[in-house]
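**Student:** Give me coordinates for this.
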Amino acid sequence: MVLLALALAPALAIMIYIYIKDKYEREPISLLLKNFGLGATASIIMTLIIGTLLQFIFPTADPLSVAQQFFKAFVVVALVEEFSKYVIVRYYAQRNKEFDEPFDGIVYAVMVSMGFAALENVLYVFQFGMANGIVRAFSAVPAHATFGIIMGYYMGKAKFAATKKEKIKLNLTGLFAATLFHGAYDFFLFINFIPGISIGAFISLIIGLFLSRKAMKKHQARSKFKH
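**Tutor:** I've put the predicted structure just below:
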């Protein structure tokens, strides 16, 4: 039970934080939990299926190959995982009538991301123990949140875009931006055989956190419910 609590606590804390930051017109908790649940189930299933197929077609078994680890980080892991979250936000959350201001893009993308991160964290913590859970609470889980915020920022703008072309462009920009940050974070960790290179992962996380804060402030300022 202690390990389970340790694994779930970071995701829960981030969800509460984002819920509080949705200052002007908060989303129904039941809908937030549904998005969380889809992140923990549908997105995980999609990731496993697509990721397994990609690994079969394009093997990345050499841990000392920078090229293979680059492909693994940006495509097999980052693109596949972010796409699996994107699909849920795009075709479930974004179509809901409760998605009625740009900040909601951030809220729902984070809920989906935290569903994914929570289940992933449970698996890692039960496999590698408490120390791993503590490290991931301050690294991998917040990283997933920043990817969600960055994606959700653009998907929130896309919802209210004037044209279909602009909507598609903004949605895909969100997917691309989240993939870019996710890929950079993982790539530096995957090539840790190069001394000191892992620091790049934490630099990318810090940049992501900075941009996430700016993104939330921008959408808060644009809220039509702001008095």
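
**Student:** Show me which parts of the helix or strand of the chain with the lowest mean pLDDT are buried, residue by residue.
**Tutor:** In the chain, no helix or strand scores lower on mean pLDDT, DSSP states H and E than helix 130-137, which sits at a mean of 92. Under the neighbour-count criterion of 16 or more other CB atoms under 10 Å, helix 130-137 has 132-133, 136-137 buried. C-beta: built from backbone N, CA, C; applies to glycine.

**Student:** which strands and helices sit next to it?
**Tutor:** Judged by 3 or more CB pairs under 8 Å, 6 or more residues apart in numbering; DSSP states H and E, the packing partners of helix 130-137 are helix 2-21, helix 103-128.

**Student:** just so I know, which of the ones you listed lies nearest residue 46?
**Tutor:** helix 103-128 (10.0 Å; CB to CB).

**Student:** quick check: angle from the closest one to helix 130-137?
**Tutor:** 160 degrees (axes from the mean of the first three to the mean of the last three CA atoms, to 10 degrees).

**Student:** buried ones in helix 103-128?
**Tutor:** Quick answer for helix 103-128 (16+ other CB under 10 Å): 103-122, 124-125.

**Student:** Run through who's touching the helix or strand where residue 201 lies.
**Tutor:** Using DSSP states H and E, residue 201 maps to helix 199-221. Helix 199-221 is touched from outside by 21, 23-24, 101-103, 105-106, 139, 142-143, 145-147, 149-150, 152-153, 156, 181, 184-189, 226, with contacts defined as CB atoms under 8 Å, 6 or more residues apart in numbering.

**Student:** Mind checking which of those residues are in helices?
**Tutor:** Members of these lying in helices (criterion: DSSP state H): 21, 103, 105-106, 142-143, 145-147, 149-150, 152-153, 156, 181, 184-189.

**Student:** Do I have it right that residue 130 meets residue 3?
**Tutor:** Yes - using CB atoms under 8 Å, residue 130 is in contact with residue 3, at 6.6 Å.

**Student:** give the contact list for the closest residue to residue 66 other than its chain neighbours.
**Tutor:** Spatial nearest neighbour of residue 66, excluding adjacent residues (CB to CB, 6 or more residues apart in numbering): residue 191 at 5.8 Å. Listed by CB under 8 Å, 6+ apart, the contact set of residue 191 reads 66, 69, 197.

**Student:** who wins for neighbours among the residues you listed?
**Tutor:** The most crowded member of the contacts of residue 191, judged by other CB atoms under 10 Å, is residue 69 (22 neighbours).

**Student:** For that residue, give me its contacts.
**Tutor:** Contacts of residue 69 by CB under 8 Å, 6+ apart are 60, 63, 187, 190-191.

**Student:** how near is residue 84 to residue 50?
**Tutor:** In this view, residue 84 and residue 50 are 7 Å apart by CB to CB, to the nearest Å.

**Student:** what about those two, which has more around it?
**Tutor:** residue 84 (23 against 16).

**Student:** list the buried ones in stretch 83-96?
**Tutor:** Neighbour counts over stretch 83-96 (16+ other CB under 10 Å) mark 83-90, 92-94 as buried.

**Student:** so what's residue 227 scoring on pLDDT?
**Tutor:** Note on residue 227: pLDDT of 67.

**Student:** ugh, typo on my part, it should be residue 156
**Tutor:** 97.

**Student:** Confirm for me that it is in contact with residue 110.
**Tutor:** No - the pair residue 156 and residue 110 fails to qualify as a contact (CB under 8 Å) at a distance of 11.2 Å.
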